[in-house]
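Colleague: My questions are about this predicted structure, shown below with the sequence.
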Amino acid sequence: MTEQRILIVSHGHPDHSKGGAEVAAYNLFKEYQRQGLDTVFLARTDQPSHGGSAFSTINSDREILFHTHMSDFFLFQSGYKRHVWQDFHGLLQRYRPTVVHFHHYIHMGLELIREVKNTLPNARIVLTLHEYLAICANNGQMVKPGKQMKLCYKSSPSDCARCFPDRSTADFFLREKYIKSIFKLVDVFVSPSHFLIERYKVWGIPKEKMVMIENGQPEVEAPPPRPLAEGEARGRFAFFGQINPYKGVDVLLEAFKLLPEDVQEQVHLDIHGANLDIQTKEFQEKIHGLLEDLGDLVTLHGSYESHEIGRLMEQADWVIIPSVWWENSPMVIQEAFNHRRPLIGPDIGGMNEKINDGVDGLLFRSRSSMSLSCKIAEAISSRDYWSKIISGINKVVTSQECASSHLDCVVDDSKGFSSEK
C-alpha cells in the first residue's frame, strides 16, 4: 500500500465537546495512530488561542486545535476567510495529506473542502455525514420549526421556505446549489447508517459515492450484570447525552410519570446529560417541573467524561434513547452494546435500524410517552426476559475494523481510488 498521510478534520475535540461525532472522529484518529499511520487530528474550538494564532496543539503535536468560527450558518461559510486561504492552506502545504477526512463542516465552513481541492488536487476527500445539515436548515434535524416539531420526510426549496418565512424559495434553491457544488469535490461520503444514506440519495448525492461504515468502538471488557438484591427487578434505567428538545428527555420523564405505582416502586432513572442550562427558559421549566413531580424516582447527574462510560453503564440495566428526531447512529447505541446493555429506543431513523426489537432491545412508538411507559414495564417483567435480550446482543464493530473499512474505501493501490465497499 502506498504510504498514506491522513488529516482528520472534526468540528470539536472530545476533550472540549462531548458529542458522538467528535468521539467517532477521535476514535478513528487514535486507531490510525495505533496502526502506525501518519495521521493528524484537526479539531475546531471556540476557545481563544494564545496570541491570536489560528492553531494550537493539545495532548501532542498530532492533535491541533483550530480557533475559528462560522459567520453564516445558512450557507456554512467561515467567519474568518483568512483562516481558510492562509492558515488552513498553510497547514495543508506543511503536512501534505494524501487523504483529508472531514467529520463535519459546521463551525468551520464548507470552504475548507474547496481549499483542499485547490491546494492538493490529488488528495482524496472523504466526508462523514452525521446528520442532515445540507438538506435541512433547521439545525440538520429534519424537524419542522415550532412547538410540535413535526418530522419532515422530504425537503424542497418551497417546503423549506414555508418553514422559514424570512427566506424565499429562491434562497433555498441557491443554498442547495451551492452546497452541492462543494459536495461534488468529495470523493466518498461515509454514513454510519443506511437510513441517512437513503435520505441523501433522494436529495441528490450519487449512490456510488456513498458507503455505510458503522462507528467503531474500542475493545472493552463488558461489565457483569449489576448485582441484585433479593427480589429486585432489572429496573435501573439510564439516559446518556445532551438534554435538549430533540433528545426527548421530556418524553422519557413523562413516561416514568405514567408508570403504574407498583412499577414505579421497582424502577429508577439516571440521567447523565449536560447543557440543560443553555436551553430556553420554557424547556428548562418543563424539565425541572417533571423532575420535581418524579422526586426520588429520577437522579439528574449532569455531564460525564468519555472514560467514565464503562463505570456508568455498569450501574445500569437498560439504556433508553428517547430522541424525537431522525437520529442517524447515536454513539450511545454502540457504547451500550459494547458494554452489553440492552436499549429501548424509538421506531424511527437510524435507531429503528440499529435496535432489533425483542432481540437486543425494545422499540417504542416515537414521541409516545405511553408507548415508552409500556416498554419500561415490559422490560422489568422478569429477570429471564432481561437475560434473553442480553443474549441477543451481537459483538459491535471495533475501532480497528472501522479504520480498516475506511482505508478500504479510500485507498486502492491499483486504481488510486475506490468507492465500492
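Modeller: Ah, there it is.

Colleague: can you pull out the helices in the stretch 1-150 of the chain?
Modeller: Here the stretch 1-150 of the chain has its helices, by DSSP state H, counting those that start in this stretch, at 20-34, 81-82, 89-95, 111-119.

Colleague: Let's have these in JSON lines, adding mean pLDDT.
Modeller: Below are the helices of the stretch 1-150 of the chain laid out as JSON lines (pLDDT from 0 to 100):
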{"stretch": "helix 20-34", "mean pLDDT": "88"}
{"stretch": "helix 81-82", "mean pLDDT": "90"}
{"stretch": "helix 89-95", "mean pLDDT": "96"}
{"stretch": "helix 111-119", "mean pLDDT": "97"}
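
Colleague: closest one to residue 378 among those helices?
Modeller: Of all these, it is helix 20-34 that lies closest to residue 378, at 27.2 Å by C-beta to C-beta. Bear in mind the C-beta positions are built from the backbone N, C-alpha and C, glycine included.

Colleague: Pull the distance from that closest one to the chain's centre.
Modeller: Centre-to-centre, helix 20-34 and its host chain are 13 Å apart (C-alpha atoms, centre = their mean, to the nearest Å).

Colleague: List the contacts of that helix.
Modeller: 6, 8, 10-14, 39, 41, 43, 62-63, 101, 103-104, 128, 130, 192, 215-218, 306, 330-332, 399-400, 402-403, 406 (C-beta atoms under 8 Å, 6 or more residues apart in numbering).

Colleague: Of the helices of the stretch 1-150 of the chain, flag the one that's most buried.
Modeller: Ranked by mean neighbour count, the helices of the stretch 1-150 of the chain are led by helix 20-34 with a mean of 22 (mean count of other C-beta atoms under 10 Å).

Colleague: what comes into contact with stretch 373-383?
Modeller: Residues outside stretch 373-383 that contact it (C-beta under 8 Å, 6+ apart): 228, 233-235, 237, 255-256, 258-260, 263, 266-267, 317-318, 320, 342, 344, 362-364, 385-386.

Colleague: So which of those residues are in helices?
Modeller: Among the contacts of stretch 373-383, the residues falling in helices (DSSP state H) are 255, 256, 258, 263, 385, 386.

Colleague: quick one: contacts for the second one?
Modeller: What it means is residue 256. Counting by C-beta under 8 Å, 6+ apart, residue 256 touches 264, 267, 269, 294, 297, 298, 373, 376.

Colleague: again, but for the third one
Modeller: The contact partners of residue 258, taken as C-beta under 8 Å, 6+ apart, are 369, 370, 373.

Colleague: what about the residue nearest to the first one when sequence neighbours are not counted, neighbour count?
Modeller: If I follow you right, that is residue 369. Closest residue in space to residue 369, ignoring its immediate chain neighbours: residue 254 at 3.9 Å, by C-beta to C-beta, 6 or more residues apart in numbering. A count of neighbours around residue 254, defined by other C-beta atoms under 10 Å, yields 20.

Colleague: surely residue 254 meets residue 367?
Modeller: No - with contact defined as C-beta atoms under 8 Å, residue 254 does not reach residue 367; the gap is 10.3 Å.

Colleague: Going by secondary structure, residue 220 is in what exactly?
Modeller: Here residue 220 sits in a region with no helix or strand, counting by DSSP states H and E.

Colleague: shouldn't it be in contact with residue 340?
Modeller: No - using C-beta under 8 Å, residue 220 is not in contact with residue 340, being 9.8 Å away.

Colleague: Dump the contacts of residue 256 into a markdown table; add distance to residue 280 as well.
Modeller: A markdown table is the format used below for the contacts of residue 256 (distance: C-beta to C-beta, whole Å):
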| residue | distance to residue 280 |
| --- | --- |
| 264 | 29 |
| 267 | 29 |
| 269 | 23 |
| 294 | 21 |
| 297 | 25 |
| 298 | 21 |
| 373 | 26 |
| 376 | 27 |
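
Colleague: Among these, name the ones in strands.
Modeller: The strands, defined by DSSP state E, take in 269, 298 from those.

Colleague: Show me the shaky parts of this protein.
Modeller: Scanning the chain for pLDDT under 70 picks out the ranges 1-2, 18, 410-421.

Colleague: rerun at 80
Modeller: In the predicted model of the chain, residues 1-2, 17-20, 49-52, 306, 409-421 satisfy pLDDT under 80.

Colleague: picking up where we left off before, write a ChimeraX command that selects only the buried members of the contacts of stretch 373-383.
Modeller: Of the contacts of stretch 373-383, the buried ones go into a single ChimeraX selection, burial set by 16 or more other C-beta atoms under 10 Å:
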select :233,234,235,237,255,256,258,259,263,266,267,317,318,320,342,344,362,363,364,386
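
Colleague: Just give me the neighbour total for residue 231.
Modeller: Using other C-beta under 10 Å, the number of residues around residue 231 comes to 6.

Colleague: List just the nearest of the contacts of residue 258 to residue 311.
Modeller: Using C-beta to C-beta, those come closest to residue 311 at residue 373, 28.2 Å.

Colleague: can you tell me how far the closest one sits from residue 379?
Modeller: 11 Å (C-beta to C-beta, to the nearest Å).

Colleague: which of these two has more neighbours?
Modeller: Taking other C-beta under 10 Å, residue 373 and residue 379 do not tie; residue 379 has more neighbours (24 against 21).

Colleague: roughly how far apart are the more buried one and residue 236?
Modeller: Between residue 379 and residue 236 the distance, using C-beta to C-beta, works out to 10 Å.

Colleague: what residues are up against residue 155?
Modeller: 135, 136, 142, 203.

Colleague: now residue 275
Modeller: If you count contacts by C-beta under 8 Å, 6+ apart, residue 275 has them with 242, 243, 244, 303.

Colleague: Quick check: the farthest pair among those?
Modeller: The two members of the contacts of residue 275 with the most space between them (C-beta to C-beta) are 244 and 303, at 13.2 Å.

Colleague: And the two? Which one has more around it.
Modeller: Between residue 244 and residue 303, counted using other C-beta under 10 Å, the more crowded position is residue 244 (18 against 13).

Colleague: contacting residues around the more buried one?
Modeller: 275, 279, 283.

Colleague: Dump those residues to TSV, plus distance to residue 250 and secondary structure.
Modeller: TSV is the format used below for the contacts of residue 244 (distance: C-beta to C-beta, whole Å; DSSP: H, G, I helix; E, B strand; the rest coil):
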residue	distance to residue 250	secondary structure
275	14	coil
279	11	coil
283	8	helix
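
Colleague: Can you say which two of the contacts of residue 155 are spatially most distant?
Modeller: 142 and 203 (10.5 Å).

Colleague: Looks like residue 341 contacts residue 315 (just checking).
Modeller: No - counting by C-beta under 8 Å, residue 341 stays clear of residue 315, with 10.0 Å between them.
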